[in-house]
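Novice: the following comprises the amino acid sequence and a computationally predicted model.
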Amino acid sequence: MLVFPSVGGRFFDFENFGMVEACSSFLAEGKIRLFAVDGRDGESWLNGGVSIADRGRRHEAWDSCLVHEVLPFVRELSGRTGPRDMIVTGCSGGAFHAANFFFRHPDACDTVIALSGIYSLRHYGPLGDAFDDSVYFNDPLMYLPGLRDAWFLDQYRRSRIVICVGQGAWEHVCLDESRRLSSILRCQGISHWLDLWGPDVNHDWPWWRKQLPYFLGHVLS
């Protein structure tokens, strides 16, 4: 399972906020192995001091590193040879990265568990009114509606897609975006699980510690 950090986060946040402990039963039983990666948000989409094109190029360099360096390392270390035998996940901004990575590279992973995500770059950084291909092709709410490539659509339809969001404090934008993503997937004929948790469920780690093992239990059963 490849874990993406939240906005501006680091690889160690997942453990420091108790997420590894929350998944401990799956780890102890050998059902999953966790790999947490560092983010590059401060050099890419959050970097208001450079152009949109430069931010996009920095993101693409990070994405290329994940595909060509991190994933081969993970497969070698874990001994897994299946080309799609991987879960990607993240909370908040990490859900955006996990979902975007999954939709761009469905040959690398067969499951995404996105918790409390925003899925449009217009919420992610100081983009203003700027727009180019680097924005379009990293914004699932932009590129998914018009996608007609049968190869990508077939991969999505053979995958497990979990979109979870609460309806409590600080979740309103994530709730809207999760519903939009679900609507797009439904129009594309892509099966997925949109799970809306209650009005007491806030945008915070205590709830993500409950949600991730809950969904892992379903995905791994």
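Specialist: Structure's in. What do you need?
Novice: quick one, helices of the chain?
Specialist: Using DSSP state H, the helices of the chain run over 13-16, 19-22, 24-28, 52-65, 71-78, 93-104, 133-136, 140-143, 150-157, 172-187, 205-219.
Novice: quick check: buried residues in the third one?
Specialist: Which is helix 24-28. residue 26 (16 or more other C-beta atoms under 10 Å). Quick note: C-beta positions are derived from backbone N, CA and C, even for glycine.
Novice: run through who's touching it.
Specialist: 20, 32-34, 213, 216, 220 (C-beta atoms under 8 Å, 6 or more residues apart in numbering).
Novice: now stretch 142-152: buried residues?
Specialist: Neighbour count says stretch 142-152 has 142-144, 152 buried, by 16+ other C-beta under 10 Å.
Novice: and if you look at stretch 41-49?
Specialist: For stretch 41-49, by 16+ other C-beta under 10 Å, it's 41, 44-47.
Novice: pLDDT and distance to residue 197 added to these, as JSON lines?
Specialist: Listed next are those as JSON lines, based on pLDDT from 0 to 100; distance: C-beta to C-beta, whole Å:
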{"residue": "41", "pLDDT": "86", "distance to residue 197": "26"}
{"residue": "44", "pLDDT": "89", "distance to residue 197": "30"}
{"residue": "45", "pLDDT": "85", "distance to residue 197": "27"}
{"residue": "46", "pLDDT": "85", "distance to residue 197": "28"}
{"residue": "47", "pLDDT": "86", "distance to residue 197": "33"}
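Novice: on that earlier part again, and the helices of the chain, which one is worst for confidence?
Specialist: The minimum mean pLDDT among these belongs to helix 133-136 (a mean of 86).
Novice: helices or strands up against that helix?
Specialist: The contact analysis (3 or more C-beta pairs under 8 Å, 6 or more residues apart in numbering; DSSP states H and E) places helix 133-136 against helix 52-65, helix 140-143.
Novice: CSV for the buried residues of stretch 142-152, including distance to residue 51?
Specialist: What follows is those, written out as CSV (distance: C-beta to C-beta, whole Å):
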residue, distance to residue 51
142, 19
143, 21
144, 25
152, 29
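Novice: surely residue 178 and residue 195 touch.
Specialist: No: counting by C-beta atoms under 8 Å, residue 178 stays clear of residue 195, with 9.2 Å between them.
Novice: neighbour count winner among those two?
Specialist: Of the pair residue 178 and residue 195, residue 178 is the one with more neighbours under other C-beta atoms under 10 Å, namely 26 against 17.
Novice: leaving out the residues flanking it, which one is nearest to that one?
Specialist: residue 165 (4.3 Å; C-beta to C-beta, 6 or more residues apart in numbering).
Novice: I figured the one you found was touching residue 117, is that so?
Specialist: Yes: the criterion here is C-beta under 8 Å, and residue 165 meets it with residue 117 at 7.3 Å.
Novice: between those two, tell me which one has more neighbours.
Specialist: It is residue 165, of residue 165 and residue 117, that has more neighbours when counted by other C-beta under 10 Å, with 30 against 27.
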